[in-house]
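Chemist: Fold the stuff below for me.
(one chain, ligands or ions: 1)
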Amino acid sequence: MATILDGKIVAETIQAGLVQEIASCKARTGRVPGLDVIIVGSDPASQAYVKSKEKLAQKLGLRSSLIELPASATDSELLATITRLNDDPQTDAILVQLPLPAGLDTWRALDAIAPGKDVDCFNPVSQGMILLNRSAIFPCTPAGILRILDHYSLDIAGLNAAVIGRSFIVGKPMSLMLSNRHATVTLCHSKARDLERVLRQADIIVAAIGKPGFVTPAMVKPGAILIDVGINHVADGALIESFHYEPWRTSFAKKGFALVGDIHPGAFNASSYYTPVPGGVGALTPTMLMVNTLELFKQRLHA
Ligand code: GUN
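Modeler: Numbers count the residues shown, from 1 in each chain. This is a model prediction of the structure:
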């Protein structure tokens, strides 16, 4: 029987530690860590994400603020906001919500964030520090995945790992972080040839490709660890039905859509451990943002 890797339990465990550490930081330094989130435009999914981040920050006792710029904002307005936060001693962590509206230069914005306040690790300096295994913080999604593996005492040293998807948000840093933990890593993507053969050799698969049920049972080695980063909004009832997976069926029946992972649930039975969607990797990501905020605060204040 495969074991479910429960992201909610891991998140709750981390949050309990954070509450204590934040209170102790306040006692030592007289202030609490502060996260400032910049959102440009009114994309509903992005708005929902940033609101949930604010709520979690409040729950844990962090200071947080949301800076909303109109979709018509220019690169220089965005850069001016980032520069102001770089210079503000009350700001420990800066997050620019992605994607930015078309017409804005994402790289210019990410380049402008001071590396010491770069809570996402999306700045080129931060990405370089990950490459060199010299960073104290890591992008939230891959960092959450390592926390899940740690919580369940899964040692990946020496294992064959396959990461599918090579974004700078998940796949690329994930591949480096797994390599830093002594896995033998293959970084796969949509153009990979004979992906099935590569995946069948993997002891752990991290799927972050954004395609519902992309990793089929035939692609999975028996006993593999399956980590699903996919959060695909699917409203096609026939597609959902084809997965024969109760949580997605129930969600579709209630809401008319389901958040579907990149891994076909038919593969779960043959695996040793797997993260469900929802309730797996996604349940950790906002918590890791708070972990990073606290860490940046401690670095900056030598606290
Ligand atoms: N949009 C989707 N994921 C992320 C993330 O991890 N950080 C930011 N800033 N924007 C995102």
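
Chemist: Do a quick rundown of the strands in the stretch 101-250 of the chain.
Modeler: Counting by DSSP state E, counting those that start in this stretch, the stretch 101-250 of the chain has strands at residues 160-164, 184-188, 204-207, 225-228, 232-234.

Chemist: Just the residues contacting the third one, thanks.
Modeler: Residues lying outside strand 204-207 but in contact with it, judged by C-beta atoms under 8 Å, 6 or more residues apart in numbering, are 145, 156, 159-165, 170-171, 174, 178, 183, 199, 214-215, 219-220, 224-230, 261-263. In short, each C-beta sits where N, CA and C put it, glycine included.

Chemist: of these, buried ones?
Modeler: 145, 156, 159-165, 170-171, 174, 178, 183, 199, 214-215, 219-220, 224-230, 261-263 (16 or more other C-beta atoms under 10 Å).

Chemist: can you tell me the residue of the stretch 151-300 of the chain closest to the ligand?
Modeler: Closest approach of the stretch 151-300 of the chain to the ligand (C-beta to the nearest ligand atom) occurs at residue 169, with a separation of 5.4 Å.

Chemist: Nearest residue to that residue in space, ignoring adjacent ones along the chain?
Modeler: Closest residue in space to residue 169, ignoring its immediate chain neighbours: residue 139 at 6.1 Å, by C-beta to C-beta, 6 or more residues apart in numbering.

Chemist: Show me the helices in the chain, by range?
Modeler: Along the chain, counting by DSSP state H, helices occupy 7-29, 44-60, 75-87, 106-112, 124-131, 140-151, 171-180, 195-200, 237-242, 246-255, 285-301.

Chemist: Now find how far off-centre the last one is within its chain.
Modeler: Same thing as helix 285-301. Centroid separation between helix 285-301 and its chain, computed with C-alpha atoms, centre = their mean, to the nearest Å, is 14 Å.

Chemist: That helix relative to helix 44-60, how many degrees between them?
Modeler: 60 degrees (axes from the mean of the first three to the mean of the last three C-alpha atoms, to 10 degrees).

Chemist: Pull out the buried residues from helix 285-301.
Modeler: 285-298, 300.

Chemist: Tell me the residues of the stretch 101-250 of the chain that contact the ligand?
Modeler: 120, 140, 169 (C-beta under 6 Å from any ligand atom).

Chemist: So the residue lying closest to residue 140 once chain neighbours are set aside versus residue 138, what's the distance?
Modeler: Sequence neighbours aside, residue 288 is the residue nearest to residue 140 in space, at 3.9 Å (criterion: C-beta to C-beta, 6+ apart). Using C-beta to C-beta, to the nearest Å, we find residue 288 at a distance of 8 Å from residue 138.

Chemist: Same question for residue 96.
Modeler: According to C-beta to C-beta, residue 96 and residue 138 sit 18 Å apart.

Chemist: swap in residue 45?
Modeler: From residue 45 over to residue 138 (counting by C-beta to C-beta), the distance is 24 Å.
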